[in-house]
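1. Here you go, sequence then predicted model.
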Amino acid sequence: MASACVDETNLISTDGTTHQFQVNYLESKNLSHSQCIDSSIFKSAGYKWNICCYPKGFLYNNYISVYLEIRSDWADLKVNFNLDILGKSGSEPFHRTFTARYTSGSSNSWGLHSFIKITNLEESYVTEDGYFQILCSINWTDKDCNGISRVPVGDVKEDISKLWQSGEMTDVNFEVDGEIISAHMVILAARSSVFKAELFGNINTAQGKIGCIRIEDMKPAVFRALLHFIYNNSLDNERDTVMTQQLLAAASRYAIKGLIVRCEDYLMKNLSLDTVLDVLILAQGHHLSNLKETCLEFAARQKNITKLVLTDGYNQMAQAYPSLWTELGKKLKATE
């Protein structure tokens, strides 16, 4: 929500980067729970980042939440960062420190669900004209989370991505809803144990007699997005909630953990009354406990459940998935 962020500043120092941005708190009151305000993208040590602030909280609606998101491909990184809210004139800043480990199978977003209580923010840190300021200082560690010296992403990943984009030296074809999509067997096998079993676990493949493999129950755009992650270790930009649900199902089908985590993260941050029940059913079907719990928490909020119970989707869920209906009922009782 760009209109709620103004006067951003990026400061480079010898030991890291400090990014400051100002949030229009009065305007942010028009946001719903779990809606975020993003800073602009800034660079530190060759990587792109942004700060994501939830003025009404992400998981807890009595706290604001703040996260540091990496917005480019990365190797394993361990990053220390400080989060500060500047107070009114004469008051001390509010300060928290966090250590984040960005690994290939983790979320691209780390931070604090319960950064500061909203009542404390309003009392001590919102100025008379309705603003508060966030400072995020990134201080790099000397080692990554595996104890290896920190090295930016090299050329190998770029070369692999270009190999797929060029279509050169592909050795397997997939038929997806009538469309032929080519790839490289060894790369698919390295990234997915399911692909490895399918491509190298039968005698025809071992003898070089593999034909065109038909992929059932998947759209070509979803399969291409799956391959994009396999070759690039990142999500492409063409996605929405429905597409991400389908991509999550595909990632689960081929046991690609890193993609599962990224899709879960996207869906949790973009829950709405229109999507929460579909995402809840998806989480149940693929045994994704964190995503399921987030959906139940969202649906059980009083302002949400009063609207959901009037929808056809709620009645259909109650009939087709009685166990979910029971769990949601228990969550409602727990929040009363």
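-> On my side now, so go ahead. Numbering: from 1, shown residues only.
2. Could you list the domains of the protein?
-> What automatic domain parsing lists as the domains of the chain is 2-140, 155-335.
3. Any chance of a markdown table for those domains, columns mean neighbour count?
-> Using the backbone N, CA and C atoms, a C-beta is placed for each residue, glycine as well. Below are the domains of the chain laid out as a markdown table (neighbours: other Cβ atoms under 10 Å):
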| stretch | mean neighbour count |
| --- | --- |
| domain 2-140 | 17 |
| domain 155-335 | 16 |
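4. Mean pLDDT lowest where, among those?
-> Averaged per stretch, pLDDT over those is lowest on domain 2-140, reaching a mean of 79.
5. Tell me which stretches of the stretch 101-250 of the chain form strands.
-> For the stretch 101-250 of the chain, the strands defined by DSSP state E, counting those that start in this stretch occupy 109-117, 131-140, 172-176, 179-183, 213-215.
6. Out of those strands, flag the one nearest S323.
-> Among the strands of the stretch 101-250 of the chain, the nearest to S323 by Cβ to Cβ is strand 109-117 (27.2 Å).
7. The closest one: partners in the sheet, and parallel or antiparallel?
-> The pairing partners recorded for strand 109-117 under DSSP bridges are strand 63-70 (antiparallel).
8. who's in contact with the partner strand?
-> 47-59, 77, 79, 81, 83, 98, 100, 102, 108-118, 121, 134, 136, 138 (Cβ atoms under 8 Å, 6 or more residues apart in numbering).
9. next one: stretch 99-113
-> Identification of contacts with stretch 99-113 by Cβ under 8 Å, 6+ apart yields 52, 57-60, 63, 65-71, 74-81, 83, 96, 98, 145, 233, 257-258, 261-262, 264-265, 269.
10. Now the residue nearest to the spatial centre of the chain: closest residue in space, sequence neighbours ignored.
-> For the chain, D265 is the residue whose C-alpha lies nearest the centre (Cα atoms, centre = their mean; 3.1 Å). Excluding the flanking residues, the one nearest D265 by Cβ to Cβ, 6 or more residues apart in numbering is S107, at 4.5 Å.
11. Any figure for the gap between that neighbour and L77?
-> Here the distance between S107 and L77 works out to 13 Å (Cβ to Cβ, to the nearest Å).
12. Equivalent analysis for E123, please.
-> Plainly put, E123 is 36 Å away from L77 if you go by Cβ to Cβ.
13. hmm, back to that, would you turn the strands of the stretch 101-250 of the chain into TSV with distance to S161?
-> Output for these, formatted as TSV (distance: least, Cβ to Cβ, whole Å):
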stretch	distance to S161
strand 109-117	23
strand 131-140	26
strand 172-176	18
strand 179-183	12
strand 213-215	21
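14. of all those strands, which lies closest to S28?
-> S28 lies closest to strand 131-140 among the strands of the stretch 101-250 of the chain, at 9.4 Å (Cβ to Cβ).
15. partners of that closest one in the sheet?
-> According to DSSP bridges, strand 131-140 has the following sheet partners: strand 16-24 (antiparallel), strand 77-86 (antiparallel).
16. closest to L273 out of the ones you listed?
-> Comparing the strands paired with strand 131-140 by Cβ to Cβ, strand 16-24 comes nearest, at 25.3 Å.
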